[in-house]
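Trainee: any chance you can model this:
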Amino acid sequence: MVEIRKSVLIAGKLSVRLLSQSWPIHQLDVTNAFLHGNLTETVYMYQPMGFRHRDYPNHVCRLKKSLYGLKQAPTAWYQRFTDFVTSMGFEQSRCDNSLFTYHYGGDIAYLLIYVDDIILTTSTDSLRVKLMGSLAAEFAMKDLGPLSYFLGITVSRIGQTMFLSQKSYALDIVNRAGMSSCNPVSTPVDTKPKLAASSGTLFEDPTLYRSLAGALQYLTFTRPDISYAVQQICIHMHRPSVDHWQALKRIIRYIQGTADYGLTLSSCSDISLRAYTDADWAGCPDTRRSTSGYCVYMGPNLLSWSSKRQSTISRSSAEAEYRAVANVVAEICWLRNLLLELRRPLSKATLVYCDNISAIYLSSNPVQHQRTKHIELDIHFVREQVQRGTIRVLHTPTRLQIADIFTKGLPRVLFDDFRSSLNIRPPLASTAGV
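Mentor: Have a look, this model is predicted:
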C-alpha cells in the first residue's frame, strides 16, 4: 500500500509539471512482465505435466528465466527492466526507485513504473516514438494511448486541468457494504470525541469490517477528505465494535453522496511548496496519543497529505504540534529532493503553516530547554532545515488551518470549506462552461 501511495504521489507531482508544459502522458502495459526476468539464483522445478521427457521423467529443470509464482520473479523483472532503461540513457531516481528520468540535450523524458504498468511522458513526440520503439523491441509491450486509467484511478484531462477519480471503486465499496440505497450525509465523521477501543459491544462480522476498512484506505489516494475518518476506523480493526461499525457506515454514507468527487490538478507556473500541519493533542481516549495531519501544496495543487496517530505520547500541545511539524518537514525534504532530480530545484523556502505559537518558537530558538530534551531529535531536524533556509514555520489562524480536516471531525460549513481548499470537487465535465 505504501509503494502504491508513493507511485500515485509521484504521478501527481509529474502531472502538475506536465500540465504546465502541455506534454502528453502515455500509458504502457507490459505483457507477462514476470516472464522477462533473468534469474541469478539457482532454481529448479519439476517437469510440467504433459511436457515430461520420456527418457528422463524424473529429472528436474533448471530455470534461467523467472516464472509467475516464484518469489524471485518481481525482483528479477524489476532488475531486468532497470538494467535496460538505464542502458537507454535513463537515470534511476534516488527518491523513488520506480521513477526514471532522461535528459539528453533539450530532450526530456520521465518514466514511472509500478509492476507492469508504465507512465511515459516526453518533451517531444519524436522522442516518445523512439523510446517506445526501444521498449517494445525488448519487451512485449502495449501502448494504451493517452493516460486514462492508472492503478485503479480514472484520469480525465481537459485542457490544462486533470481530474483524478475513483468513482467506480467508491460505488463498489458502497455495494459491498449493502448500502446502495442509503441516505447520504454531509460529512464523513461527526464532531464528537474519538471512539474508544472498548466502545460498545463487539461487531458480529469483523472480517467484513476489516475488508471495507482496507478498501476505504485505497480510496484515500484521491479522496483526502476522508483520510481522518478512515484513519480512525482503521486503528480499531483488531477488535471492531458496533460503534466502530456505525462510524464506518457513516463514511460509506458520505461516499454515497460524493462518489463522483475527485482530486483536481491544474497548470501552474509557481512551483514553490507550502504546507499546513496540525495536531489534536492527546485525542486518543485509550493511549492518549495525538493525531497529526498535514497537507502539502505546489501552487494551487495538493500533492501530499497524511492523517496519522503519533507513535509516542506528547506531554503538551506544543510538543504534539512540533512532532506534526517534524513529520511534514520530512515529507517536504523528500519532495524538494524529488524536484531536484527532476531538475526543477526550489529557490525559495517552503512555508509551513502551524497554529501553535510555541511550536513555531521551538523551530527557531537555538536555546535548549529542560522540557524539550525528550524531543531533541525532532527539534534539531526541523531547526537545521530552518537554519538552512529551506523551511520557514509561520503562524496561521485556526480558522484557516486546512490541516484540521486531517485531525478531527469538523462542522459541515468548515468541512466543506476545507474540502474545497483540498481541490476535492465533482468531475470537470459537470462544471464545464460555468
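Trainee: Phe51 versus the residue lying closest to His103 once chain neighbours are set aside, what's the distance?
Mentor: Nearest residue to His103 in three dimensions, chain neighbours excluded: Arg343, at 6.8 Å (Cβ to Cβ, 6 or more residues apart in numbering). Heads up, the C-betas are built off the backbone N, CA and C, glycines and all. Here Arg343 is placed at a distance of 51 Å from Phe51 (Cβ to Cβ, to the nearest Å).
Trainee: what's the answer for Arg425, then?
Mentor: Distance, Arg425 to Phe51, by Cβ to Cβ: 56 Å.
Trainee: for Gly105, same thing?
Mentor: Taking Cβ to Cβ, one finds Gly105 at 51 Å from Phe51.
Trainee: okay, now the domains of the protein?
Mentor: Annotated domains of the chain cover 2-148, 268-396 [automatic domain parsing].
Trainee: in JSON lines: the ones you listed, plus mean neighbour count and distance to Ala196.
Mentor: Formatted as JSON lines, those follow (neighbours: other Cβ atoms under 10 Å; distance: least, Cβ to Cβ, whole Å):
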{"stretch": "domain 2-148", "mean neighbour count": "16", "distance to Ala196": "28"}
{"stretch": "domain 268-396", "mean neighbour count": "18", "distance to Ala196": "4"}
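Trainee: turn those into TSV, columns for mean pLDDT and distance to Lys194.
Mentor: TSV is the format used below for the domains of the chain (pLDDT from 0 to 100; distance: least, Cβ to Cβ, whole Å):
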stretch	mean pLDDT	distance to Lys194
domain 2-148	88	24
domain 268-396	90	5
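Trainee: quick one: closest of those domains to Ile251.
Mentor: Using Cβ to Cβ as the measure, domain 268-396 is the one of the domains of the chain that comes nearest Ile251, at 13.0 Å.
Trainee: which other helices and strands does the helix or strand Leu302 falls within contact?
Mentor: Using DSSP states H and E, Leu302 sits in strand 301-309. Here strand 301-309 touches helix 2-21, helix 227-234, strand 262-266, strand 291-298, helix 317-341, going by 3 or more Cβ pairs under 8 Å, 6 or more residues apart in numbering; DSSP states H and E.
Trainee: which residues sit against it?
Mentor: Strand 301-309 is contacted from outside by 9, 12-13, 16, 224, 227-228, 230-231, 235, 263, 265-266, 268, 273, 284, 287, 289-297, 327-328, 331, 335, 406-407, 422-423, using Cβ atoms under 8 Å, 6 or more residues apart in numbering.
Trainee: for stretch 63-80, same thing?
Mentor: Contacts for stretch 63-80 (Cβ under 8 Å, 6+ apart): 33-41, 43-45, 115.
Trainee: now the residue of the chain most remote from its centre: how far from Gln246?
Mentor: For the chain, the C-alpha farthest from the mean C-alpha position belongs to Asp55; by Cα atoms, centre = their mean, that distance is 54.9 Å. From Asp55 across to Gln246, the span is 68 Å (Cβ to Cβ).
Trainee: so what's Tyr149 closest to, chain neighbours aside?
Mentor: Nearest residue to Tyr149 in three dimensions, chain neighbours excluded: Val155, at 6.7 Å (Cβ to Cβ, 6+ apart).
Trainee: report the contact partners of the closest residue in space to Pro345 that isn't next to it in sequence.
Mentor: Distances taken as Cβ to Cβ, 6+ apart place Leu339 nearest to Pro345, at 6.1 Å, with adjacent residues excluded. Applying Cβ under 8 Å, 6+ apart, we find Leu339 in contact with Ile271, Pro345, Leu346.
Trainee: go on, Leu410?
Mentor: Neighbours of Leu410 in contact, by Cβ under 8 Å, 6+ apart: Thr187, Thr191, Asp404, Phe418.
Trainee: restricted to helices, list these.
Mentor: Phe418 (DSSP state H).
Trainee: all helices of the protein, in order?
Mentor: According to DSSP H, the helices that the chain contains are 2-21, 73-87, 125-138, 167-176, 206-219, 227-234, 242-257, 317-341, 357-364, 376-388, 412-421, 428-431.
Trainee: could those go into JSON lines alongside distance to Gly145?
Mentor: As requested, the helices of the chain are exported to JSON lines (distance: least, Cβ to Cβ, whole Å):
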{"stretch": "helix 2-21", "distance to Gly145": "16"}
{"stretch": "helix 73-87", "distance to Gly145": "21"}
{"stretch": "helix 125-138", "distance to Gly145": "11"}
{"stretch": "helix 167-176", "distance to Gly145": "19"}
{"stretch": "helix 206-219", "distance to Gly145": "25"}
{"stretch": "helix 227-234", "distance to Gly145": "32"}
{"stretch": "helix 242-257", "distance to Gly145": "30"}
{"stretch": "helix 317-341", "distance to Gly145": "27"}
{"stretch": "helix 357-364", "distance to Gly145": "47"}
{"stretch": "helix 376-388", "distance to Gly145": "42"}
{"stretch": "helix 412-421", "distance to Gly145": "32"}
{"stretch": "helix 428-431", "distance to Gly145": "19"}
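Trainee: nearest to Leu99, out of those helices?
Mentor: helix 2-21 (5.6 Å).
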